[in-house]
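A.B. asks: 3D, please:
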Amino acid sequence: MRVDGVTARASLKIKPGMTVCFTVPEPPRQGPDAEEIPLEFLYVDDAIAVINKPPGMVVHPAKGNWRGTLAGALKWHLQQEGSGLSTSGGPTRPGIVHRLDRDTSGVIVVARSDVAHQVVASQFEQRTVEKTYLAITQGQPEFDRDEIDRPIGIHPYQREKMAIRAGHSTSRNAVTRFEVLERFRGAALVRVQPKTGRTHQIRVHLAAIGCPVLADALYSGRAEIEPRLFGGPRDAAPVLSRQALHAASLSLDHPASGQRQTFTAPLPADMEATLTLLRGLEGSR
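C.D. replies: As a prediction, the model looks like this:
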C-alpha cells in the first residue's frame, strides 16, 4: 500500500485528504485444473500413489505457476477413477504431502485419502521416512562420508534463496548425511540422506562445504553444463540444463497395512549423460 506516493507501514493512521493506492489481491483459486500430462507411476493403490517426477515440473500451483503442475496432472490421472486425492493440503494441493523442487527429479508420494494423508504426513513430521538422493557436485567433498549439521534460514538479501543462518527467526536446525560414490576431475557423485526436511536443504548444505550441486543456477552460479567445460567438443549441446539432484528412493510405512515399503526411481537420462561424460575424462578419478 502507498499513501501519498510513499510505501506505508501497516500501523500508519489514515487522515482525511491522504491519497491511498493499493492492489486488490487475486481471488483465491479453487484448485488446479485437471491436465492430461504424462506421468510415470511407480506404485498406485487406494491409499497412496508414488510418481517419478520429471525435472522441470512444479509440484503444486502457486503464483505464476498455475498450469503444468504435478497436482493438475494427478487430478487428471487419478480422479478419473473416482477415489481421487486427499483434500487435507487444501484446494491447491490435492494429494500433496511433501514436495520436490521444480528441477529436482525422482520419487514423490501423494495421498489418495485424508486418512492416508494424515498417516503419511505424521511420518514426515516424526522423521521416520527415509529419503535418499543422488547428486553430482561441482567439486569434490573433502571426506568420503560426513554429516552436515548447520541451521538454515531465509537468505538475508535474496528472498528466493535459503542460507546457512543461525540465530534468525527463520532459522531451523538441518542435518544432512552424505557419502561419495565416485570422484571425477572437478566433480563427484554423492549419495545424500537428509535427516530433516528444510527448503533447499541439500542444495544449501552441499554449497556450504564448497561443493554445490552441478548446474544449480541458484547456488552454483552455473545453469547448464556443456561438454567443452570438461574438454569435450566446443559446439556440443549442453548435457545438463538443471540442477543434478535426483530423489532416488523413499521408504515409509504404508498408511493402510503398516508394512514398510521402499520405492525407487532410476537416474534420469540427463544425469546419466553427465556421468558418462565425467567418467570419460582422462585421469578423472
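A.B. asks: read off the pLDDT value for the residue lying closest to S241 once chain neighbours are set aside.
C.D. replies: With sequence-adjacent residues excluded and distances taken as Cβ to Cβ, 6 or more residues apart in numbering, S241 is closest to E224, at 4.4 Å. Every residue, glycine included, has its C-beta placed from N, CA and C. You'll see E224 listed with a pLDDT of 86.
A.B. asks: report the contact partners of E224.
C.D. replies: 215, 238, 240-241 (Cβ atoms under 8 Å, 6 or more residues apart in numbering).
A.B. asks: same check, this time on L252
C.D. replies: 109, 120, 123, 128-130, 260-261.
A.B. asks: beta partners of it?
C.D. replies: Q261 (DSSP bridges).
A.B. asks: please, where are all the helices along the stretch 151-285 of the chain?
C.D. replies: Secondary structure of the stretch 151-285 of the chain (DSSP state H, counting those that start in this stretch): helices at 201-208, 269-279.
A.B. asks: and for the closest residue in space to V175 that isn't next to it in sequence, the neighbour number?
C.D. replies: Leaving aside its sequence neighbours, V175 sits nearest to K195 (Cβ to Cβ, 6+ apart; 4.1 Å). By other Cβ atoms under 10 Å, 16 other residues sit near K195.
A.B. asks: might one say that K195 is in contact with Q201?
C.D. replies: No. Taking contacts as Cβ atoms under 8 Å, K195 lies outside contact range of Q201: 9.4 Å.
A.B. asks: quick check: neighbours shared by the two?
C.D. replies: Here K195 and Q201 share the contacting residues T176, scored by Cβ under 8 Å, 6+ apart.
A.B. asks: on that earlier part again, for the helices of the stretch 151-285 of the chain, which one sits closest to R177?
C.D. replies: Nearest to R177 among the helices of the stretch 151-285 of the chain is helix 201-208; the distance by Cβ to Cβ comes to 9.9 Å.
A.B. asks: and the nearest residue to L74 once chain neighbours are set aside, its phi and psi?
C.D. replies: Excluding the flanking residues, the one nearest L74 by Cβ to Cβ, 6+ apart is G95, at 5.5 Å. Backbone torsions of G95, given as degrees, to the nearest 10, read phi 80, psi -10.
A.B. asks: burial count for the closest residue to T196 other than its chain neighbours?
C.D. replies: Leaving aside its sequence neighbours, T196 sits nearest to A174 (Cβ to Cβ, 6+ apart; 4.9 Å). A count of nearby residues for A174, using other Cβ under 10 Å, gives 25.
A.B. asks: next SSE after the strand or helix carrying V107?
C.D. replies: Assigned by DSSP states H and E, V107 falls within strand 105-111. Per DSSP H and E, the first helix or strand lying C-terminal to strand 105-111 is helix 114-125.
A.B. asks: which residues touch G186?
C.D. replies: Shown in contact with G186 (Cβ under 8 Å, 6+ apart): 138-140, 230.
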